[in-house]
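In: 3D model of this:
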Amino acid sequence: MERDGSKTNSAYWDKVWQTGTDLRLPRGLFVSNRDIQRLLKARIKPGMRVLEIGFAPGNMLAWVAKALGAQVAGVDFSETGVRSAWKLFEVLQIPGDLRCEDIRVTTFPPGSFDLVYSQGFIEHFIDPTEMVRRHVLLLKPGGRALITIPNYGGIYGTLQRFFDPENLDIHNLNIMRPGPLARLAPSDLACQTAAYPAGRISPWVLSLHKRWPLPAARIINHLVNLLGLLQPFDIGALAPMLVLEMGRVEEWTNPRNS
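Out: Numbering: from 1, shown residues only. Okay, the predicted model is just below:
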């Protein structure tokens with residue numbers, strides 16, 4: 001555990017991303033990709049300025065630029081992950097402002113983006129209140145923030161505790177219900193706050209290979225993934241992620257300046 005309250009550190013994520021990334025856009029054959037894309041597509045219009053916090057290795061951000069026509073930026077504190085993202089963007093010839101920085105001291109100025117999102121980021125902090133606030137601070141007035149985390153508060157958490165309890169240790173399980181998640185929204189900055197389960201049934205938040213032989217785990221992963229692709233609508237109890245969605249108030253006065 002890091003002294004700054006993080007359950008991980010840059011060295012951990014450098015190791016995660018050291019194998020690089022697929023030099024292509026996210027594949028629609030994976031239900032986890034479709035779930036995120038469905039959320040983003042409904043909220044992003046061509047020309048919007050969009051920031052992903054914790055964007056490495058950059059595949060989803062590249063899709064936002066290529067498929068949705070957004071002007072994209074990203075901030076991540078893993079040097080290895082950011083290098084992988086730069087390579088991806090260069091291969092796909094996608095422009096982007098990708099910075100290796102800690103979001104708490106980012107050089108992106110407040111009020112810069114129409115939409116700020118993260119996927120699987122804030123749950124790696126003991127107290128993610130400041131991380132959530134950063135999402136909203138970076139929004140233009142009237143902009144939207146979209147935060148997704150794995151839904152380990154229900155059946156997925158029970159299963160993951162069997163398959164990979166060590167993985168749960170780097171997640172803040174206390175925020176993995178809609179109520180506690182919604183309470184993270186900064187009341188002075190955020191409006192139209194909603195927290196809800198989302199997504200189709202998915203195996204990708206579970207580490208089946210930690211308990212089962214790899215061939216068996218792969219078969220089950222692909223079978224459950226197929227079920228998710230065929231599922232016609234979200235079912236709360238089977239939703240693999242939780243979403244915190246917030247708008248930024250149109251006018252805000254910094255109490256330090258008043």
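In: When you work out contacts or count neighbours from here on, use the C-alpha atoms and nothing else.
Out: Fine.
In: for the record, mean pLDDT for whichever strand in the chain runs longest?
Out: The residue-count maximum for a strand in the chain (DSSP state E) belongs to strand 139-150. Averaging the model's pLDDT scores along strand 139-150 yields 97.
In: Mind giving me the packing neighbours of whichever helix or strand comes after that strand?
Out: Sequence-wise, the next helix or strand beyond strand 139-150 is helix 155-163, with elements assigned using DSSP states H and E. Contact analysis of helix 155-163 by 3 or more CA pairs under 8 Å, 6 or more residues apart in numbering; DSSP states H and E lists helix 165-168 as its packing neighbours.
In: so Pro128 touches Ile122, yeah?
Out: Yes. Taking contacts as CA atoms under 8 Å, Pro128 lies within contact range of Ile122: 5.6 Å.
In: Please name the nearest non-neighbouring residue to Trp23.
Out: Actually, residue 23 is Leu. It isn't Trp. Ranked by CA to CA, 6 or more residues apart in numbering and with sequence neighbours excluded, the top spatial neighbour of Leu23 is Leu88, at 5.1 Å.
In: Ala182 too?
Out: Among residues not flanking Ala182 along the chain, Ala195 sits closest, at 5.3 Å (CA to CA, 6+ apart).
In: Repeat that for Asp102.
Out: Setting aside the residues directly before and after it, Asp102 is nearest to Phe77 in space (CA to CA, 6+ apart), at 5.2 Å.
In: what about Gly81, helix or strand, and which?
Out: Secondary structure assignment for Gly81, by DSSP H and E: helix 79-92.
In: What's the mean pLDDT across that helix?
Out: Averaged over helix 79-92, pLDDT sits at 95.
In: what does that helix contact?
Out: Contacts of helix 79-92 from elsewhere in the structure, counted by CA atoms under 8 Å, 6 or more residues apart in numbering, are 10, 13-14, 17-18, 20-24, 56-59, 62, 76, 95-96, 98-100.
In: ChimeraX command for the buried members of those residues?
Out: Paste this into ChimeraX to select the buried members of the contacts of helix 79-92, with burial taken from 16 or more other CA atoms under 10 Å:
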select :13,14,17,20,21,23,56,57,58,59,62,76,96,98,99,100
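In: Could you tell me which of the contacts of helix 79-92 belong to helices?
Out: Among the contacts of helix 79-92, the members falling in helices (DSSP state H) are Ser10, Trp13, Asp14, Trp17, Asn59, Ala62.
In: Just give me the closest of the residues you listed to His171.
Out: Minimum separation from His171 among the ones in helices among the contacts of helix 79-92 (CA to CA) is found for Trp13, which lies at 14.0 Å.
In: ok, now which ones touch the closest one?
Out: Shown here is Trp13, whose contacts under the criterion CA under 8 Å, 6+ apart are Ser78, Thr80, Gly81.
In: And the helix ranked longest in the chain, what's buried?
Out: As far as residue count goes, and with DSSP H defining each element, the longest helix of the chain is helix 214-230. Buried residues in helix 214-230, defined by neighbour count with 16+ other CA under 10 Å: Ala217, Asn221, His222, Val224, Asn225, Leu226, Gly228, Leu229.
In: any chance of those residues in TSV, with pLDDT and distance to Lys45 too?
Out: Shown next, in TSV, are the buried residues of helix 214-230 (pLDDT from 0 to 100; distance: CA to CA, whole Å):
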residue	pLDDT	distance to Lys45
Ala217	98	38
Asn221	98	33
His222	98	32
Val224	98	32
Asn225	98	28
Leu226	98	29
Gly228	98	26
Leu229	98	25
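In: circling back: what helix or strand is the residue nearest to Ala182 located in?
Out: strand 190-198.
In: And Glu130, by the same measure?
Out: Secondary-structure assignment from DSSP H and E places Glu130 in helix 129-137.
In: which stretches of the stretch 1-150 of the chain have low pLDDT?
Out: Regions of the stretch 1-150 of the chain meeting the criterion pLDDT under 70 cover residues 1-4.
In: circling back to that earlier point, tally of neighbours for the residue nearest to Leu23?
Out: Other residues within reach of Leu88, judged by other CA atoms under 10 Å, total 22.
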